[in-house]
Each structure stands twice: as C-alpha cells, then as structure tokens.
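# sequence first, predicted coordinates after that:
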Amino acid sequence: MTPLPNPVDESRRSPLRWLADPFAATGRRAINWVNNLGASTIFLFLGFLRIFRSRQIMKVLEQLYLIGAGSVPIIVLVGLFTGMVLGLQSYHALVKFGSQGALGTLVALSLIRELGPVLTAIMITARAGSAITAEIGSQRISEQIDALGTMRIDPLRYLISPRIAASVISFPLLTAIFDVVGIIGGYISGVILLGVNAGTYLYRVESSVDMKDVTDGFIKAMVFAVIVTTVCCYQGYFAHMRTDSYGARAIGRSTTAAVVISCVLILIADYVVTSLLI
Amino acid sequence: MATPLIEFKDVSKRFNGKTVLERVNLQIYEGEVTTIIGLSGTGKTVLLKHIIGLHKPDEGTILFRGQPLDRIRRGDLPMSYMFQGNALFDSMTVFENIALPLQETTNLGHDEIRRRVMTRIEQMELADAVHKYPSEISGGMQKRVALARALVTDPQIVLFDEPTTGQDPVRKNAILGMIAQYQRSFGFTAILVSHEIPDVYFISNRILALYGKSIVFQGTPEEFEEFDHPFKEEVVNSLEGLQRELTGLHSRRQFKLRYQGQLRGGALGDAYAVAVFSLDGLDAVAGHLGHDAAQEALRSLGIFLGKHFGAVGGFSTRRSMNEYVTVLPSTDRAEAEGILGEYIRDFQGQEQAILDIWASAQRHSGTELCVELTLLAGLAQGRPDEDIDGVIESARRDRRVISRIRCINQGEGT
C-alpha cells in the first residue's frame, strides 16, 4: 500500500520557498526564452520556405514599398546628420594629431563597416518593425489571422514570407543609401564647414574603402534584416499568447518588446558578425 | 441513418486547466442545417472552432466523413467559417475582402473573380459599399460582407458563429432567411451557433443543445419541443419570453402548452377552429427587393395576426419560415369564416405599410421590377380529442388565396 504523503505545513516551508523562488523564476524565464528562441527559428524557417510559393511577387513588392521606399526619407535624414556629426567630432580629434586629411577614411569606414548597417537597421526597426508588429498583432487579436486559416490561406505565406523577402532586399539598399548620404554629411561638415581639402577627403574615401568593406556591411544588413523581421513578425503573430496582457494592451506590449529585442539583438549580432568577418 | 459528415466522440477541451468541453458527442449530417444552441460562454464557439481545425481536442476524436479530422489537411476541408466578430480585413475594401479567398486559393482570372464577387455583392445588397472599408459601413453590412466572403468560394460546409449578433429583429430574421435560402439554393451543409430561439428552429433540420460542457440534446426541432431538461427552463424559456414580448406570438412550445392547457381546462369549448396562414413568393421578394423587405412582410403579418386574433381570444404561433397558425377557441367553422373575413378587410391597412417598405427597397435598389406576394389562409374545425397537428394539416390543405400584395411603381398596390 502506498503511504499517504505527509501534509505540508506552508508556514514551515515558506523560508525554503523564499530562497527557491528566485531560482525557480530564473529557471522559468530561461525555459521560456529557449522555447521562444526555438519557436522563432522554426517560424523564420517556415516563413522563408514560403517565399518561393506562387502569388508572392506582388505582396513582396508591396512590402518593399512599405519597408524600403517608405523608409528612405528617414534614412536620408539620419544618415546625413550621422555623417555630419561624425565629420565634426572626427575632425576635432584628428586635428590634435595634424591628421585631418584622414577624415575621409574615418568617416567612410565607420559608416560602411559599422554605423551604416547598425543605424539603418535600428531606424527601420523603429519605423517599419514596430508597424509590422502592431499590424500583425492587430490582425491576430481581431481573428483576421484565424480567418485566413479558415479560408485555406496559409497565414505564414500571406503575412510573413513577403515581409522577410522585402526586408532582406531593402535593408542592404537602405544601408547603401545611408552610407552614401553619411559620406556626403561628413563632406558638408568636414570640407564645407571646417575647411578640409575636398580632394583629400574624396581621395581618402575612394582609396580606403575596398569591396570587402562594402560586402561585409551588406552581409550585416541582411543578418539584421532577418533578425528584425523575425522578431517583429513573431511578436505580432503570437500577441494573443502573451500571459501578461490581452487585447490592445498585448499589441502595445508586443510592439515594445519587438523594438527592444530587435535593437538589442542587432547590437549583439553586430559584434558576432564583425568578429566572424574581420 | 447515413454516416455523419462530422462526428465528435468524447471530445474534451481545457484552457489553462479550465474545462470548456467535456466528453462531447455529436453528429452532423450532410446537406442539413444544424444549429448549436446554448447560453453565452458555454463553449459553442470553441466547439465550432474544433470543426474548422482552429482548436484541437485535448481528448477524444473528431471524424470527418469517418476519417479522423487531424489526419486531413486543412486545405482539403471544403469549409468556410463566418466569425462572430466578422474578422474582416480592416485595411481592405469590401470588394477586396470578398475577393481574397478567390485570389489566394484559386487560379481564376481577374474578370471571373470580379464577376463572382459582384454576384455575391448584389445578392447581399452591398452594391453601395463595394469600395468602402469595413469601418465605414454598419454592423449589419459588415455581417453581410462576412457572409459573402464565406460563400464566395461555394463551400460544401459553412460554419456560422452567431451570424445574427448585434442585429435588429428584422435583420436577424433576414440573415437567418438568407442562410436558409442559400442553403437550399447551393445545398451546402450549414452549422450555426445561435441564440435566436425560436427563429433558428424554422431554418434548422437539427438542433444540438450544449449545456454543462456537454451536448444534452441532438435531434429535430420537433423532437426538441418534447425535450424535458433543465436546459429548457434556463435557456429556451427566457429567450422565448423575450420573443413573445417583441412579436405578441407564442413560441411553438408555448402554443402547444396553451393548447393542451386549454384542452384540459375545457376552455377550447366543444369545437375550435384552426387557421393556417402562409406567404408565397418570399424568395422572389428577397431576390428582387432584399431579405429585409421579405422579413418585414413576414414580421408585419405575424404581429398583425397576434394583435387581431389575440383580441378575440385566439393565440398564434409561427410554424415555419413562412407559415403561421392561429387557434380560435370555442369557434365553429362558420364563425371562423366571419372572423377571417374581418381579418382580410383589416389587413388592407397593413398591406399599405408593407408596400411602403417595398417602395423604399425599390428606390434603394434602383429596380423597376415588381414582385407579388400571396397570402393564403386555410381553416379547419377541431375537436378537443383531436391531435392539433392533424387539424393544422387539414387547415393547410384548405388554404386558398385571400390577398395578393403586388408592388407597382412607387408603392401602389392591389
């Protein structure tokens, strides 16, 4: 006969629980994090495979317009001022060593290798990524995604794949725009406003940048595209699964989480990819 | 009986440890209208979502044509689903919403898709809203857009989750009438979740009652009348009471109870008369002037019957989609003929009200076409020892035309 378990005295157990609770909570968070990581990887994989299904071209073009063309003005603006401030700060640092002639090199390499891909990705996250999460989250909460399923339309093919494809195409292009405008910004502050020789600036840009710098920047941009789209789509798609909130609040929290997680992952991925490429 | 189209075997479902469905067993048959009734929050929608595959059971099996549902690809299920909240795409126009399933799941050309969508739009009286967004149209129109989207692919099975929620009484019956008409026309299997008791009885072949997490009744509406269970007290009576307040008519069950009560109490007298009224041509009215116009005619007839015969001690009920029955206690056939004659004379004023509604529908739809609605009535003499259904059948056989409502341009009538 199986002995009955002794009744547990909650008051006697409480100090132990008090000690164990933080570990249990950490464990739950870790398990949850690993679950989400695995689920989002599968989500990305399934979404990527569906890019190549039929009827996708028009949807990809539509997303290219929303994510890519729609982000050009903000990318130009941010790129211009990033280049200008980079030129300004770098000039005052270089002039101490009498090396202001190297301004073109510093601005171009900083932008093409690092700042271009990273800042472009962060700006697209803020502008388009948040919109993706809010839109998909809203569709989830109002049962539109369920409705797609009942109409025999694959929601991943219809909603996610075009966004992944459009991001992978538009991130490098926007990064290129950011780089070029940033170099022009550096030219404005360094050459026009601070008097660096124009020929020297442009020669240094041309001579110091090689194709590997450009392709490495584009590789980063594509990695960031995959990260941002996966995180933003995933957060929106599973907004209804949140345990901390429901409805409109769940969409808000998912959008915040998407932007924060994307930005953090962009910076982590930047280091990892740089260390692999360098 | 034939193999069920859909069968639940001991299906249970829990959410966060809370049991919503427990050992549910049910059968749904092909080509029928099956309605699931029950109180709010008892799991009717959850049950429906199991059929379409949006939920998976924690325990038990769901069979589709004898095959486990989980072994069938969702894409191979010839089903459509109309959501309670409509689930329309708010960034798409009405046309785009209805066209979406055709664009995404078929290889039809642009012109053919346009033709099919416009056909549905005209059938649903949505021509004015083609280029509007869901937020720009009324709740009733949104419901019709959702219905049009559910039907545009000509599915074999259509699941309706509370299709009449948020509609006024006329529109509720118009939507139910629309479902019944399309079900007859296209022959799909309709599965409804609805609170509209007793209106759903008129369009349903089978009723499933969900109570206490399980199906406590499945059978025909007639069998449901005889069903003795706490469910009837808690759900049906309260809803039927509300219906009577609105129309002045008895539900079929209340009608039968009153008949039996008066029979036992001898209040029906030595003889009583039964009058059966029916409207012919409702489908033509719905087709040309809209379902609202058809339902308005039916509703007007029902209310007028309740008032007119109620004043002389009679009591009435709606028997089917287009048929009403009135019992006149202590009345022989000759007296009943006299009362019916008075009714026909009084009905002229009511006719004009119906014609006014039609004229408005005509102007709205821009149609010049006129339709005719025929009111038939039949009388039969009953004795207290006779079965009421037999007397009603005799009255039904006796039906003759007592009035024709024909719209002429700008609402003139004959």
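Good, I have the coordinates. Numbers count the residues shown, from 1 in each chain, chains lettered A, B, ... in the order given.
# who touches stretch B:335-346?
Stretch B:335-346 has contacts (C-beta atoms under 8 Å, 6 or more residues apart in numbering or on different chains) with B:273, B:275, B:304, B:308-309, B:312, B:328, B:331, B:377, B:379, B:381, B:402-403. Any C-beta I mention is one placed from the backbone N, CA and C, and that applies to glycine too.
# what's the following helix or strand after the lowest-mean-pLDDT helix or strand in chain A?
Across the helices and strands of chain A, mean pLDDT, DSSP states H and E gives its lowest value to helix A:10-49, namely a mean of 85. Next helix or strand after helix A:10-49 toward the C-terminus (DSSP states H and E): helix A:57-63.
# buried set for that following helix?
Of all the residues in helix A:57-63, those buried under the rule 16 or more other C-beta atoms under 10 Å in any protein chain shown are A:Lys59, A:Val60, A:Gln63.
# hang on, the earlier thing: which of the contacts of stretch B:335-346 fall within strands?
Taking DSSP state E, the ones among the contacts of stretch B:335-346 that sit in strands are B:Ala273, B:Ala275, B:Leu328, B:Ala377, B:Leu379, B:Gln381, B:Ile402, B:Ser403.
# could you find the closest non-adjacent residue to A:Arg55?
B:Glu104 (6.6 Å; C-beta to C-beta, 6 or more residues apart in numbering or on different chains).
# ok, that neighbour - contacts?
A:Arg55, A:Met151, A:Ile153, A:Tyr158.
# re the thing from before, buried ones among the contacts of stretch B:335-346?
Of the contacts of stretch B:335-346, these count as buried by 16+ other C-beta under 10 Å: B:Ala273, B:Ala275, B:Phe304, B:His308, B:Phe309, B:Leu328, B:Thr331, B:Ala377, B:Leu379, B:Gln381, B:Ile402, B:Ser403.
# tell me, how many residues neighbour the nearest residue to the second one once chain neighbours are set aside?
With sequence-adjacent residues excluded and distances taken as C-beta to C-beta, 6+ apart, B:Ala275 is closest to B:Thr326, at 4.5 Å. As a burial measure, B:Thr326 scores 28 neighbours (other C-beta atoms under 10 Å in any protein chain shown).
# wait, isn't B:Thr326 in contact with B:Tyr259?
No - applying C-beta atoms under 8 Å as the test, B:Thr326 and B:Tyr259 come out as separate, 11.3 Å apart.
# list residues touching both of the two?
With C-beta under 8 Å, 6+ apart as the test, B:Thr326 and B:Tyr259 both reach B:Phe315.
# that older thread, that's a helix at the residue nearest to A:Arg55, yeah?
Yes - secondary structure of B:Glu104 (DSSP: H, G, I helix; E, B strand; the rest coil): part of a helix.
# the nearest residue to B:Lys56 once chain neighbours are set aside: how many residues sit nearby?
The shortest distance from B:Lys56 to any non-neighbouring residue, by C-beta to C-beta, 6+ apart, is to B:Asp70 (6.8 Å). For B:Asp70, the tally of surrounding residues (other C-beta under 10 Å) stands at 11.
# over to A:Tyr271?
9.
# mind listing what's buried in the host helix or strand of it?
For A:Tyr271, the element it lies in under DSSP H and E is helix A:247-277. Residues A:250-251, A:253-255, A:257-259, A:261-263, A:265-266, A:269-270, A:273 are the ones in helix A:247-277 that count as buried (16+ other C-beta under 10 Å).
# ditto for stretch B:94-104
By 16+ other C-beta under 10 Å, the buried positions in stretch B:94-104 come out as B:Val94, B:Phe95, B:Glu96, B:Asn97, B:Ile98, B:Ala99, B:Leu100, B:Pro101, B:Leu102, B:Glu104.
# now do the SS call for the second one.
Going back to what we said before, that points to B:Phe95. With three-state DSSP as the criterion, B:Phe95 reads helix.
# related to what we said a few turns ago, mind putting the buried residues of stretch B:94-104 in a markdown table, pLDDT included?
Formatted as a markdown table, those follow (pLDDT from 0 to 100):
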| residue | pLDDT |
| --- | --- |
| B:Val94 | 95 |
| B:Phe95 | 95 |
| B:Glu96 | 95 |
| B:Asn97 | 95 |
| B:Ile98 | 95 |
| B:Ala99 | 95 |
| B:Leu100 | 94 |
| B:Pro101 | 93 |
| B:Leu102 | 94 |
| B:Glu104 | 91 |
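# quick one on the thing from earlier: now the angle between helix A:10-49 and the helix holding A:Tyr271, please.
70 degrees (axes from the mean of the first three to the mean of the last three C-alpha atoms, to 10 degrees).
# any part of helix A:247-277 near chain B?
No - Helix A:247-277 stays clear of chain B (C-beta under 8 Å from any C-beta of the partner chain), getting no nearer than 12.3 Å.
# chain center to that helix: distance?
6 Å (C-alpha atoms, centre = their mean, to the nearest Å).
# for it, packing partners?
helix A:116-124, helix A:130-141, helix A:211-237 (3 or more C-beta pairs under 8 Å, 6 or more residues apart in numbering or on different chains; DSSP states H and E).
# quick one: mean pLDDT over it.
Mean pLDDT, computed over helix A:247-277, is 94.
# mean confidence for the strand or helix carrying the residue nearest to B:Ala275?
Using DSSP H and E, B:Thr326 sits within strand B:323-328. Averaging pLDDT along strand B:323-328 gives 84.
# let me know the pLDDT of B:Thr247.
At B:Thr247, pLDDT is 56.
# one step back: for the least confident helix or strand of chain A, packing partners?
Counting by 3+ C-beta pairs under 8 Å, 6+ apart, helix A:10-49 packs on helix A:161-187, helix A:211-237.
# low-scoring stretches of the chain, by residue?
The chain I'm using is chain A. Applying pLDDT under 70 to chain A flags residues A:1-13.
# actually, chain B is the one I wanted.
B:1, B:166, B:233-254, B:257, B:263-270, B:291, B:348-354, B:356-369, B:407-414.
# get me the contact residues on the stretch 151-278 of chain A for chain B.
A:Met151, A:Arg152, A:Ile153, A:Tyr158.
# for those residues, which single residue is the most surrounded?
A:Met151 leads these on contacts (other C-beta under 10 Å) with 23 neighbours.
# now B:Arg23: phi and psi?
Per-residue torsions, B:Arg23: phi 50, psi 60 (degrees, to the nearest 10).
# okay, now it: neighbour count?
15.
# so what's it up against?
B:Asp10, B:Val11, B:Ser12, B:Glu59, B:Gly60, B:Ser214.
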